[in-house]
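[1] Could you work out the structure for the sequence below:
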Amino acid sequence: MQGVLSGFAVIAVVIGVGYVLGRRGSLGERGGEVLTRLAFSVAGPALLFTTLARADLSVLFSARLLVTALSTAAVSGVFVAVGALRRWGVGRTTIGALCSGYVNSGNLGIPIAAYVLGDASLVAPVLLFQVVLVTPVALTILDLSGMGEKGTVWRRLLTPLRNPIAVGSLSGVLVSAAGWTIPGPVMDPLTLIGNMSVPAALLAFGMSLHGSAAPGRGRDRQLVLLSVALKSVGQPAVAWALASGVFGLHGAPLLDVVVTSALPAAQNLFTYASRYRVAESLARESILLSTVVSVPVLVGVAAVLG
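    Purely as a prediction, here's the structure:
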């Protein structure tokens with residue numbers, strides 16, 4: 001359980017520092033917004049590019065990836081269906097769907113995979129799937145729905161090519177697929193800039209907690225509770241059913257896919273919500289609550305399947 005606890009401890013400390021900064025006003029009134037823009041427009045794309053440019057894309061073609069993709073689609077589809085019936089709007093429904101199935105595969109998934117599963121690379125399929133497919137699709141939906149940049153239909157259809165996150169991800173995939181090697185003088189500065197992404201996102205998230213209501217009690221209460229239930233219980237349950245019942249996985253492979261599916265919602269979802277100025281409280285509360293709930297869930301999964 002060391003991996004689970006250490007991963008959460010690192011995140012909690014950085015978020016706590018962000019909360020203190022927000023409480024003291026150390027970075028000014030717009031400090032959180034600046035950190036969000038830094039993570040979204042500069043550091044995040046650099047991190048995704050450097051990660052994917054050196055990734056082994058063959059890990060995308062595996063039963064584990066199919067389980068991840070199908071379980072993500074299942075829980076996100078449930079949220080979208082409910083959102084359509086309740087008329088929550090495209091922006092709020094999109095953010096809520098992301099909070100229901102987009103796992104924290106980076107700063108939390110890597111240490112947990114290393115200590116609980118014994119191999120940090122096991123989160124690679126999830127990371128690649130999310131940054132290559134889920135993120136560009138979701139952000140394009142937000143752009144085309146009018147949350148992003150306005151313009152002609154043709155200009156809006158080309159928004160994925162102007163979105164920093166999508167450009168960083170797709171460029172990295174292109175470099176990896178082509179087998180190119182980026183020279184050190186180019187890759188090293190990008191790596192240094194990319195290293196700011198996770199801390200900037202966590203600090204901005206912590207700053208946003210100052211003065212906010214307790215999770216699950218605001219106007220987005222129904223959306224938050226639904227997304228947390230789907231993320232923390234629904235997704236690992238669907239992953240277990242698919243992995244064991246459909247793909248015949250058992251033992252370590254089964255544990256791998258269920259543990260990664262039980263990870264909480266990723267902090268960068270708050271960055272996306274803040275960037276598009278939509279459902280920020282929903283993203284913040286869902287991330288916080290799913291992170292708390294995922295602790296006993298991950299411990300239970302490791303105890304039962306490990």
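[2] Contacts only, for the closest residue in space to Leu66 that isn't next to it in sequence.
    In this structure, Leu66 finds its nearest non-sequential neighbour in Phe247, 7.0 Å apart by Cβ to Cβ, 6 or more residues apart in numbering. Placement of C-beta: from N, CA and C, glycine included. Applying Cβ atoms under 8 Å, 6 or more residues apart in numbering, one finds that Phe247 lies in contact with Ala63, Leu66, Val67.
[3] Which of the helices or strands spans the second one?
    Assessed by DSSP states H and E, Leu66 sits inside helix 63-86.
[4] hang on, the earlier thing: out of the contacts of Phe247, who's the most crowded?
    Val67 (29 neighbours; other Cβ atoms under 10 Å).
[5] measure Ser294 to Ala262 for me?
    6 Å (Cβ to Cβ, to the nearest Å).
[6] which residues are in contact with both of the two?
    Ser232.
[7] rewinding a little: using neighbour counts, pick out the buried residues of the helix holding Leu66.
    Neighbour-count burial for helix 63-86, counted by 16 or more other Cβ atoms under 10 Å, picks out 63-72, 74-76, 78-80, 82-83.
[8] How confident is the prediction for Ile182, by pLDDT?
    You'll see Ile182 listed with a pLDDT of 92.
[9] Off-centre distance for stretch 226-245?
    When C-alpha coordinates are averaged (Cα atoms, centre = their mean, to the nearest Å), stretch 226-245 and its chain have centres 16 Å apart.
[10] Excluding its own residues, what touches it? List them.
    Contacts with stretch 226-245, where a contact means Cβ under 8 Å, 6+ apart, come from 63-64, 66-68, 70-72, 74-76, 78-79, 82, 96-97, 99-101, 103, 216, 249-250, 253-254, 257-258, 260-262, 264-265, 282, 286, 289-290, 293-294, 297, 301.
[11] That one: end-to-end distance?
    Using Cα to Cα, to the nearest Å, one end of stretch 226-245 lies 25 Å from the other.
[12] What residues of that stretch count as buried?
    226-232, 234-240, 242-244.
[13] same question, stretch 244-259
    By 16+ other Cβ under 10 Å, the buried positions in stretch 244-259 come out as Ser244, Phe247, Leu249, Pro253, Leu254, Leu255, Asp256, Val257, Val258, Val259.
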